[in-house]
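*Asks:* All I have is the shape, not the residue letters:
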């Protein structure tokens, strides 16, 4: 991959300032960039790194155009431009087309598909054109996967689940495991409720390593288009996740909650069950949402760390906050009484 | 699967009100139910959905018997009845009996067992009658699994671990990995303590996708009968979990803690190490238990979310709670002094 | 494995008090030990268990030497001595050397390596002497693994990642999945940033079951020597973890944070992104670090559990803490005004 700045701008847009013949081979950080690299400055804080960078050219916002006189592409959103340029220089390295002889495949597949060693594909599956099914993937009966999707090594998909086009699913992800549904037999044993719904996932979804998405109890668990899930996330049965929602590592959504579009959920955050969380809501890292939310905005409930001794001293009072409030009220009353008397 | 209401009540109990000849084919939610479906009302909140439901029959509590005049089964616990009916209509779809030729099996197995493609079973294993070992399962040497257990695709069980009868283990679960045990060599390196205990799991246990259960250091990690574990749970070495305890996603128990029977642990909750948590204790979602608990009841310590600006304003004081308490005491003292003087 | 106390002390050091001919076969806890077992007392709390123990010999600190007159080894750190003795009595049970015929191996391997059934090893890999690649491991192209490393069943390593010598990687761990990097296209879709860095892991590292370590975006994710990671941990892209740092289950480090040496991170704890956490810092369980930390010490921010009713009563005030602080200030002002007037 090698391209001139002029050609790159021809493809991806942006305003070029400087020599269009400069040749670019890769994208890099300001610090590590060298001859042939294109670096970007999205945050003015890194201005100093721009000056000392050895990159051959830069992506800058129009405002930052004057920070260097070296070759530069001006783009309204330099980070977005960087993403698109990085994609251009780094197309995914697709494995060879065809089915590895060690794979066990019980469904007819398009000739354009790649199936890795020791993968298992059940009966009555419908796998789209150009899909990559990585080594050791385990795909149950009746699974549908849209065109151009990529399952990395060791993904497991239970029977009857549906994944859209252009999905990227990372290793160890499990899609379609039974939802966690039990009825209690008096105060004794738990009786399993069969989970007969499916998981239905839209287009352009990315699912992180070892993330789990449970199938629905009676109806389906639904993941919208463009959703991005990080690693080790838990999506419980009958959850609905709206388009373009993004969730960071170790976060989770409990059963039957409906989360809107463009929601952002921080790491180790959680959404309790049977809630409705509206569009454009941001849940901070480590925050548990226990009530439905409809007003867009950032919601938080996290304790920031402090030195342990400070924590011990301060947090002891948390157990007595109610008593403190009573004492405060009492004092206010006394002072008011005095005033009246005087 | 098709059955008349009369026959169903004959099998599962309950009091039938209405035509016993009504034919039922499946269980469904009130909203989605149609001709041939049996729906249930466990929560009176959904009364309106009952009225508009297209179900052929309903499961209701005796108290709710008058809410409809359509065919209905009265059961003391409609949700439990629903669970049993759902099981009747949806028996697990067992794969064909036999060992797939691509599986690598080094132990003799009963003829009633199913072993999926590319599964690996080590030496000296004892697998019970009617077990299903899913595709890609990896089972170490000397593992024992009781009759009628079902391991979904890609379960990993380390050597010498024991699983009881009628277990359901979901994809990606890991049973018997080394406990996290190290001795520190001065203030430098960590020296591994070999983990030579096993994991021993009782009967009727369900284990969620990508959940991990570590083997004991010297003694065994023990999981009782009827325990239900959701996805992505961590059970550390030498933990003991009592019968019928149930844990939600992302929860965990640290090393050597003993948890009683019928304990309920919420999502993202944790129990610190070396504790004893008694029977019938409920740990709320997101709560970390740091002291042993013996009195049954609900224990909580979670911050409910608030708008970010409110959180910033309120939580700043958390770091000064000790100073606030001092100031309150000081005020009380001053007022008391005044009173004495006056 | 059977050895006399005299020989054991000859190999592992320590001061022997008692008959050097006593024969030892295994290590055990004080409670469970019997004839031929060596037990240890690291914590004086367990003194009573020492008296009733049936062990043939004990490991004690020099201070505790007088607590028994039975055969004993005195060691400055009994727990560390126990770890070393336990290693001696329990060497790992290595599988047979050689490549199982069902494995799919596309790289030349040293003759000393073991590769389990259905493992997959890509092209251009460099696997060191004596490595064990467990059943069902899935190793991408160009992966390097140092000598004497052990990958348990079902480990997945993406292309180009590097693991040092003497690694232990537990089942289901995923190394080298894509970092979670997206640029937003206005307020709409997320555009993937290709993750072209690697994961580079030092020597003597242990990685727990189902733990995930993402590859870097442009540069590498770096894990130092002697690092120990428990199960279900998430390490995001471009994180750096210093030597001998240890992290407990369900903890995580968000993108681009740099964590120092000998850091200890408790269970369910997290470190937010783009932070620097210095050497010898301890993060308590359940604590989220949101600011860089450089002073060694313990940092905490966790709510200890309380009975639910107490929690409801106390925590209601958390939402009004700012108002409480205002009222306190007001009272102080009033009292001060009075004093001035009087």
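*Replies:* Yep, that arrived. The model shown is predicted, which means the values in this text are computed figures rather than measured ones.
*Asks:* From here on, just use CA atoms for contacts and neighbour counts.
*Replies:* Will do.
*Asks:* element containing residue A:329, please.
*Replies:* Using DSSP states H and E, residue A:329 sits within helix A:321-341.
*Asks:* Contacts for that helix next, please.
*Replies:* The list of residues contacting helix A:321-341 from outside it, by CA atoms under 8 Å, 6 or more residues apart in numbering or on different chains, reads B:325, B:328, B:331, B:332, C:313, C:314, C:315, C:317, C:324, C:327, C:328, C:331.
*Asks:* tell me how far that helix is from the chain's mean position?
*Replies:* Mean-position distance between helix A:321-341 and its chain equals 50 Å (CA atoms, centre = their mean, to the nearest Å).
*Asks:* How about the residues of the stretch 151-300 of chain A by chain B?
*Replies:* Counting by CA under 8 Å from any CA of the partner chain, the stretch 151-300 of chain A comes close to chain B at A:156, A:172, A:174, A:177-178, A:180, A:182-185, A:188-194, A:196, A:210, A:212, A:218, A:232, A:234, A:250, A:254, A:270, A:287-290, A:297-300.
*Asks:* Just the buried residues of the contacts of helix A:321-341.
*Replies:* Neighbour counting over the contacts of helix A:321-341 (16 or more other CA atoms under 10 Å in any protein chain shown) leaves B:325, B:328, B:331, B:332, C:314, C:315, C:317, C:324, C:328, C:331 as the buried ones.
*Asks:* Turn the residues you listed into CSV, columns for distance to residue B:93 and pLDDT.
*Replies:* Listed next are these as CSV, based on distance: CA to CA, whole Å; pLDDT from 0 to 100:
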residue, distance to residue B:93, pLDDT
B:325, 63, 87
B:328, 66, 88
B:331, 72, 87
B:332, 71, 86
C:314, 50, 83
C:315, 48, 81
C:317, 53, 83
C:324, 60, 86
C:328, 66, 88
C:331, 71, 87
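*Asks:* just curious, which of these is nearest to chain A?
*Replies:* Distance to chain A across these (CA to the nearest CA) is lowest for residue C:314, with 4.9 Å.
*Asks:* What's the separation between the closest one and residue C:308?
*Replies:* Distance from residue C:314 to residue C:308, counting by CA to CA, to the nearest Å: 10 Å.
*Asks:* can I assume residue A:256 is in contact with residue A:241?
*Replies:* No. If you go by CA atoms under 8 Å, residue A:256 and residue A:241 don't touch, sitting 10.3 Å apart.
*Asks:* who has more neighbours, those two?
*Replies:* More neighbours surround residue A:241 than the other of residue A:256 and residue A:241, with 25 against 21 (other CA atoms under 10 Å in any protein chain shown).
*Asks:* Get me the contact residues on the stretch 1-150 of chain A for chain C.
*Replies:* Residues of the stretch 1-150 of chain A lying close to chain C by CA under 8 Å from any CA are A:27-29, A:79-80, A:83-84, A:86-87, A:90, A:117-118, A:135-136.
*Asks:* typo on my end, the stretch 201-342 of chain A
*Replies:* So the stretch 201-342 of chain A meets chain C at A:208-210, A:226, A:230-232, A:244, A:248-250, A:262, A:267-268, A:286, A:302-308, A:311, A:315, A:318-322, A:325, A:328, A:331-332 (CA under 8 Å from any CA).
*Asks:* Please spell out which residues along stretch A:279-296 are buried.
*Replies:* Those would be A:279-293, for stretch A:279-296 by 16+ other CA under 10 Å.
*Asks:* now do stretch A:302-319
*Replies:* A:302-308, A:310-311, A:314-315, A:317-319.
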